[in-house]
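Visitor: What shape does this take:
(2 chains)
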2 protein chains.
Amino acid sequence: MELQGHEFYRFMAPRLTLLVSTCDKEGNPNAAPFSFVMPVSINPPLAAISAAHKRHTLANIRETGQFVLNLPIESIIEKLHVCSDPFDKGVNEIKEAGLTEMKSVVVKPPRVEECAAWFECELEWEKEAGDHVIVIGKIVKAEVKDEFMKDGAFDLAGAKPLLHVTGTNFALAERIVHVHR
Amino acid sequence: MELQGHEFYRFMAPRLTLLVSTCDKEGNPNAAPFSFVMPVSINPPLAAISAAHKRHTLANIRETGQFVLNLPIESIIEKLHVCSDPFDKGVNEIKEAGLTEMKSVVVKPPRVEECAAWFECELEWEKEAGDHVIVIGKIVKAEVKDEFMKDGAFDLAGAKPLLHVTGTNFALAERIVHVHR
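Guide: Model (predicted):
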């Protein structure tokens, strides 16, 4: 079946979802989920998010040059979704959602404590692309919760990261398969 | 636990994996899996991949300005992995993997028939970012296999897209959860 251009991303799914925390220049925290995200470079460590122009996240990153990519997990799915509500700029979604702010090590925006991993970022550059803006961040500090490490690697089956499908639908990647060659 | 910068992407996982098909200026097809991918813009429809400099995919996109993003599914996991082997430039990974070329509608690079959906792309722009290059494609034709449509939406649980974890490990997103509010 042929797809309309604007619906393509519903089929480029499910997509790993990150909760992006920022703060404005007065220090008011903000957090919003993004599924247009990807790692970009390994050394230096860079990651990208694609943000709609009206997003407070984008305005805050422009004000401060900093953000945190938090990896949300199944246990906070309802709270994560509260963060996607259209709150006014300056409203603290972390608090509204019943999540917990946690001090970052290098950057000013807080981490979200209930997440499995945190990637503190400094803005490298941004570039407009269609109706969104691509934002590239350099990871200046990365940490994973000890409980989600297993045999020296990420315990993904234990953490259950959230993958966005559409609207209020998420997929959980619980079954790990191995290529046998 | 603190993470080294270069290992951050192992924790930004699992990541939706796309099989990117291209051809060189002589028309020789190539296909390689990428998990550094994301939708970027809805209207116009844009998607991004981040490619290491040495990738034949990148060389081919520079030669022809075109590529196809194919959505691989569980049934071809072994074949997908063959496409990630370091073949010489000009070798047809689609054939080597036992996959089937299928004519694209708008662009010259072929689709991979066994995939669930195809996004034919024209190069919009590229930009170096660390040790990779971000490539932005405009989707000029998108199609999904009829068998993976259900109630007017993508039957993700039926298609079982592959999500890359590390090395030969993939995750399958079979369980769909809904936010109740």
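Visitor: use CA for all of it now, contacts and neighbours both
Guide: Fine.
Visitor: I'd like to know how many residues surround A:Gly167.
Guide: Residues lying near A:Gly167 (other C-alpha atoms under 10 Å in any protein chain shown) number 10.
Visitor: could you pull out the helices for chain A?
Guide: Applying DSSP state H to chain A gives helices spanning A:56-64, A:77-82, A:93-96, A:156-159.
Visitor: out of those helices, which comes closest to chain B?
Guide: helix A:77-82 (5.7 Å; C-alpha to the nearest C-alpha).
Visitor: a markdown table for the helices of chain A, including mean pLDDT, distance to chain B and mean neighbour count?
Guide: Shown next, in a markdown table, are the helices of chain A (pLDDT from 0 to 100; distance: least, C-alpha to the nearest C-alpha, whole Å; neighbours: other C-alpha atoms under 10 Å in any protein chain shown):
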| stretch | mean pLDDT | distance to chain B | mean neighbour count |
| --- | --- | --- | --- |
| helix A:56-64 | 97 | 14 | 20 |
| helix A:77-82 | 94 | 6 | 20 |
| helix A:93-96 | 94 | 14 | 19 |
| helix A:156-159 | 92 | 8 | 18 |
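Visitor: ok, now which ones touch A:Pro161?
Guide: Shown in contact with A:Pro161 (C-alpha atoms under 8 Å, 6 or more residues apart in numbering or on different chains): A:16-17, A:71-74, A:172-173, B:13-14.
Visitor: distance of it from A:Asp155?
Guide: According to C-alpha to C-alpha, to the nearest Å, A:Pro161 stands 10 Å off from A:Asp155.
Visitor: do the same with A:Val107
Guide: The value you get for A:Val107 to A:Asp155, if C-alpha to C-alpha is used, is 26 Å.
Visitor: ok, these two, which is more surrounded?
Guide: Legend: neighbour count by other C-alpha under 10 Å for A:Val107 and A:Asp155, higher for A:Val107 (19 against 16).
Visitor: what about the nearest residue to A:Glu78 once chain neighbours are set aside, how many residues close to it?
Guide: With C-alpha to C-alpha, 6 or more residues apart in numbering or on different chains as the measure, B:Val179 is the residue that lies nearest to A:Glu78, at 5.7 Å, once sequence neighbours are left out. Neighbourhood size, B:Val179 [other C-alpha under 10 Å]: 14.
Visitor: pretty sure B:Val179 contacts A:Ala171?
Guide: No: between B:Val179 and A:Ala171 there is no contact under C-alpha atoms under 8 Å: 11.0 Å.
Visitor: The closest residue to A:Glu122 other than its chain neighbours: what's it in contact with?
Guide: Among residues not flanking A:Glu122 along the chain, A:Gln66 sits closest, at 4.7 Å (C-alpha to C-alpha, 6+ apart). Neighbouring residues of A:Gln66 by C-alpha under 8 Å, 6+ apart: A:22, A:107-109, A:120-123.
Visitor: Apply 6 Å and report the result again.
Guide: By C-alpha atoms under 6 Å, 6 or more residues apart in numbering or on different chains, the contact list for A:Gln66 reads A:121-123.
Visitor: Pull up the gap between A:Ile61 and B:Lys95, please.
Guide: For A:Ile61 relative to B:Lys95 (C-alpha to C-alpha), the value is 46 Å.
Visitor: quick one: low-confidence ranges for chain A?
Guide: Residue ranges of chain A with pLDDT under 70: A:181.
Visitor: what residues does it put near chain B?
Guide: A:1-3, A:5-6, A:36-45, A:50, A:78, A:130-132, A:142-144, A:146, A:168-173, A:175-179 (C-alpha under 6 Å from any C-alpha of the partner chain).
Visitor: quick one: contacts for the residue nearest to A:Gly5 when sequence neighbours are not counted?
Guide: Nearest residue to A:Gly5 in three dimensions, chain neighbours excluded: B:Pro45, at 5.6 Å (C-alpha to C-alpha, 6+ apart). For B:Pro45, the contacting residues are A:5-6, B:138-139, by C-alpha under 6 Å, 6+ apart.
Visitor: can we see that at 8 Å?
Guide: Neighbouring residues of B:Pro45 by C-alpha under 8 Å, 6+ apart: A:5-6, A:8, A:130, B:138-139.
Visitor: Give me the buried entries from those.
Guide: Among these, those classed as buried by 16 or more other C-alpha atoms under 10 Å in any protein chain shown are A:5, A:8, A:130, B:138-139.
Visitor: and the residues you listed as a markdown table, adding distance to A:Thr57?
Guide: Formatted as a markdown table, these follow (distance: C-alpha to C-alpha, whole Å):
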| residue | distance to A:Thr57 |
| --- | --- |
| A:Gly5 | 26 |
| A:Phe8 | 24 |
| A:Gly130 | 18 |
| B:Lys138 | 25 |
| B:Ile139 | 26 |
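Visitor: tell me the two of these that are most distant?
Guide: Spanning the widest gap among these are A:Phe8 and A:Gly130, at 14.3 Å by C-alpha to C-alpha.
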